Each structure stands twice: as structure tokens, then as C-alpha cells.
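In: Here is a sequence with its predicted model. Questions after.
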Amino acid sequence: MHTSPLVDQHGHGVLHGDLGLGTFERHLAAALGGPAGTGSAYDTTTGLALRRWCPPLLGLPPHCTAVRYLARRRELGAYAASRALLRGSGIHTYLVDPSIPGADSDGTEEPVTAIGELASAAGTRAHELAALEAVAGEAADRGGGVRTFAQDIAQALHGAARRAVAFVCDAAALREPGPPEPAEVRRAAGRWLACGRRRSEPALTGHLLWAALACGLPVQLRCADPEPLVPLLRATAGRAPLVLLPRRPHHEAAARLAAAFPHVYADVGPEPAVTLARAPFGKLLFSTGARALPELHVVRVRQYQRAMTRLLGEWISQGDCSREDARRIADRISGGTARRIYRLDERPAQTG
């Protein structure tokens with residue numbers, strides 16, 4: 001089914017450099033939510049989808065072996081392979097969270113493409129998602145310490161709001177539904193700065209969230225289970241849009257909350273039949289959540305498109321909706337709602 005240009009509302013950069021079999025499988029296993037060594041990541045539905053859809057983009061037959069696929073990847077070189085995969089994914093616009101690079105097993109960070117590099121490789125448009133944790137780091141780098149920290153955060157948020165289309169926040173660090181008291185924020189900032197920024201401070205995260213909402217941009221909330229966020233969703237009614245980014249198996253709960261609160265939206269998730277049954281179609285948005293491997297962009301787009309085509313095809317064949325309605329529903333979830341709430345047509349993008 002033809003839809004309007006596809007917007008990936010949340011994803012990350014991809015790794016630089018050629019990857020060996022072990023490194024590739026480790027990142028594939030991480031994308032599935034588990035560590036390497038718990039069974040071959042290729043022996044999963046995601047692994048099968050990768051072997052079905054990615055080899056043809058690199059000039060190989062579908063379902064070739066992992067060894068042959070990675071040999072072809074190295075033969076082309078990391079940049080050419082990533083370029084072919086990203087351009088073959090079908091994504092028109094990327095919203096990129098640069099705050100979570102790939103991490104090695106010992107905790108060291110592996111370099112991933114910056115937003116401009118991703119746009120160049122994909123040959124399309126990319127916008128920044130400003131992570132509130134990174135904004136706090138920018139404020140700390142100003143060197144004013146606790147005394148000027150609140151002012152430094154305000155200035156850093158203002159700068160981020162000029163270049164980004166949305167903020168993104170780790171909702172696991174949120175504890176209270178309302179904004180914390182200034183004295184509590186100062187104490188939290190003091191502890192955070194004293195420990196070298198290595199610990200989570202709920203009061204500081206809460207202050208960042210409420211200050212970000214005042215900027216007027218949407219805020220994406222990374223959350224495992226969104227149900228504990230109900231008091232926060234209630235407290236933020238009438239403010240900027242909040243977009244829930246849950247983990248499996250909590251997409252259905254996120255869809256219910258999107259239906260319950262006018263300012264709340266949710267990721268459509270891997271099973272559109274479940275989420276479309278729980279929320280108005282205009283409250284759901286597509287994302288890959290992909291990081292490290294460009295193959296994940298391809299796989300998640302194909303899985304989404306096939307699931308939507310199957311679901312909407314059933315609705316049409318059963319007489320539940322017309323083809324025009326089905327196209328309108330797909331357009332909204334695939335990109336229309338994202339373009340509206342993130343105001344993508346009004347914001348400058350990095351382009352390839």
C-alpha cells in the first residue's frame with residue numbers, strides 16, 4: 001500500500017567501521033533485548049527478516065548465510081554498505097537521538113554516525129532529538145557550578161530548542177508528577193556534579209522535563225512500562241505533546257494512555273493490530289528505534305509495512321473500511337502525525 005513519505009520518529013546513528021561476525025551478532029542480540037551468547041540472534045524472527053531483506057540491497061540473494069553476508073559487507077566497505085542499506089530502507093525522514101551510542105561489553109562507547117553523517121549516508125533528511133541528559137551535560141560544561149546551574153540549564157534548553165524538533169527523556173528517572181522545589185533541584189544538582197555526573201537524580205530529571213515542556217517542543221519519554229507515568233500525564237495536561245516510547249510488551253498500554261490523554265501520543269509498536277485497536281489512529285507514530293546496525297532500519301520498516309498491509313487489507317476485505325480510509329490511516333501513522341506534532345515542515349533539517 002502506497003503511503004506518504006515515511007518518518008522514523010525515533011532512532012540512533014549507525015556504527016562506523018567493518019564488523020566481524022561476533023560484533024555484528026552482539027549488536028543484533030542487543031537490539032532484541034538480550035546479551036549475546038543466549039542463542040544465535042540470527043535464529044529469531046528479526047534474524048530471518050534481516051536475511052530476507054538486507055542481502056538483496058548488497059547484491060546478494062535472500063537468505064544467504066551470515067558468513068557470506070558479512071563477507072560482502074566487508075567487501076563493499078562499511079560506508080558503502082550502510083549507504084545501500086539506509087537508502088534501501090524507504091525512510092524519508094529520520095529523527096535522531098544522538099545520546100545513546102553503541103556500547104561495547106566493557107562499557108566503552110563505540111562511535112556512531114552523527115546526525116549529518118546519517119543524513120548524508122541515507123541521502124535524505126534528519127532532525128535532532130535533544131536528550132535532556134545531554135542538555136544537563138551542556139549546562140554543567142558552562143562551569144558555573146550549583147550556584148548558576150538552573151540558569152545554565154535554561155540557556156542550554158533554549159539552545160537545544162532552536163536546533164531540535166523534540167526533547168527526549170529517560171522516564172525511568174522520573175519519580176514525582178509535578179515540578180520539584182528549587183531547593184531540591186539545587187541539592188540534586190550538587191550531588192550530580194560532585195559524583196562526576198554518573199548517577200541519576202530524579203529531582204534534576206523532573207526539573208529538566210518541566211523546563212523542556214515550557215519550551216513548547218514535544219517530549220519523547222523512553223519508558224519500559226508507561227503505566228507508572230499516569231500521574232505525570234495527568235499533571236502535564238494542556239502542555240506540549242508527550243510521546244511514549246515503551247518497550248515490549250507495553251505498547252498496548254501506551255496506546256491506551258494515548259487514547260486517554262489529549263496531549264499524549266504513542267509509538268505504534270511491532271504489532272499494529274494491537275495498538276490500532278486501543279488508540280485513535282492519529283495518536284500513533286512509527287519508529288524503528290534502531291541503533292548501531294543499519295540493517296535494523298531495513299528490518300523494522302519491512303516488518304511494519306507488512307504488518308500494516310496485512311491488517312488494513314483484512315479490514316478492507318471484511319468491509320470494515322474503504323481503501324481511501326486505509327490509505328489515510330497508513331499515512332497518519334507512517335508520517336503525517338509526526339510531521340504535524342514535530343512541525344517538520346517548519347524546522348530546518350540536515351540533508352544528504
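Out: Received the coordinates, thanks.

In: Start from the N-terminal end of the chain and give the strands.
Out: Applying DSSP state E to the chain gives strands spanning 6-11, 91-96, 102-103, 109-110, 125-131, 164-170, 219-222, 242-245, 264-267, 284-285, 350-351.

In: Redo those as JSON lines? Include mean pLDDT.
Out: JSON lines is the format used below for those (pLDDT from 0 to 100):
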{"stretch": "strand 6-11", "mean pLDDT": "98"}
{"stretch": "strand 91-96", "mean pLDDT": "98"}
{"stretch": "strand 102-103", "mean pLDDT": "40"}
{"stretch": "strand 109-110", "mean pLDDT": "68"}
{"stretch": "strand 125-131", "mean pLDDT": "97"}
{"stretch": "strand 164-170", "mean pLDDT": "97"}
{"stretch": "strand 219-222", "mean pLDDT": "97"}
{"stretch": "strand 242-245", "mean pLDDT": "98"}
{"stretch": "strand 264-267", "mean pLDDT": "98"}
{"stretch": "strand 284-285", "mean pLDDT": "98"}
{"stretch": "strand 350-351", "mean pLDDT": "92"}
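
In: Let me have those strands in TSV, adding mean neighbour count as columns.
Out: Glycine gets a C-beta too; all of them are placed from N, C-alpha and C. Output for those, formatted as TSV (neighbours: other CB atoms under 10 Å):
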stretch	mean neighbour count
strand 6-11	25
strand 91-96	24
strand 102-103	18
strand 109-110	12
strand 125-131	24
strand 164-170	24
strand 219-222	24
strand 242-245	26
strand 264-267	25
strand 284-285	26
strand 350-351	16
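
In: which residue packs closest to P61, ignoring adjacent ones?
Out: For P61, ignoring the flanking residues on the chain, the nearest one in space by CB to CB, 6 or more residues apart in numbering is P55 at 6.3 Å.

In: isn't that neighbour right next to A71, touching?
Out: No - with contacts counted by CB atoms under 8 Å, P55 stays clear of A71, the gap being 11.3 Å.

In: more neighbours, these two?
Out: P55 (20 against 14; other CB atoms under 10 Å).

In: E138 versus the more buried one, what's the distance?
Out: According to CB to CB, to the nearest Å, P55 stands 42 Å off from E138.

In: go on, A203?
Out: Distance, A203 to E138, by CB to CB: 19 Å.

In: Looking at the two, which has the bigger crowd around it?
Out: Per other CB under 10 Å, whichever of A203 and E138 has more neighbours is A203, with 23 against 16.

In: any idea of the pLDDT on that one?
Out: What the model reports as pLDDT for A203 is 94.

In: List the residues that contact it.
Out: Shown in contact with A203 (CB atoms under 8 Å, 6 or more residues apart in numbering): 175-176, 180, 184-185, 187-188.

In: Now, those residues that are in helices?
Out: Per DSSP state H, helices hold the following members of the contacts of A203: 184-185, 187-188.

In: would TSV of the residues you listed with distance to E314 be doable?
Out: Listed next are those as TSV, based on distance: CB to CB, whole Å:
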residue	distance to E314
E184	52
V185	51
R187	56
A188	51
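
In: and which of those is nearest R83?
Out: Of all the ones in helices among the contacts of A203, R83 sits closest to A188, with 43.5 Å by CB to CB.

In: That closest one: how many residues sit nearby?
Out: For A188, the count of nearby residues is 22 (other CB under 10 Å).

In: what's the answer for the one 10 residues further on, then?
Out: Using other CB under 10 Å as the criterion, R198 is surrounded by 6 other residues.

In: List the contacts of A161.
Out: 130, 167, 215-217.

In: from these, which two are the most distant?
Out: Distances among the contacts of A161 were taken as CB to CB; the most separated pair is A130 and G216, at 13.1 Å.

In: Please tell me how far the residue nearest to P61 sits from I115.
Out: Applying CB to CB, the value for P55 to I115 is 28 Å.

In: list the contacts for the closest residue to S200 other than its chain neighbours?
Out: Nearest residue to S200 in three dimensions, chain neighbours excluded: A173, at 4.6 Å (CB to CB, 6+ apart). Shown in contact with A173 (CB under 8 Å, 6+ apart): 200-202, 205.
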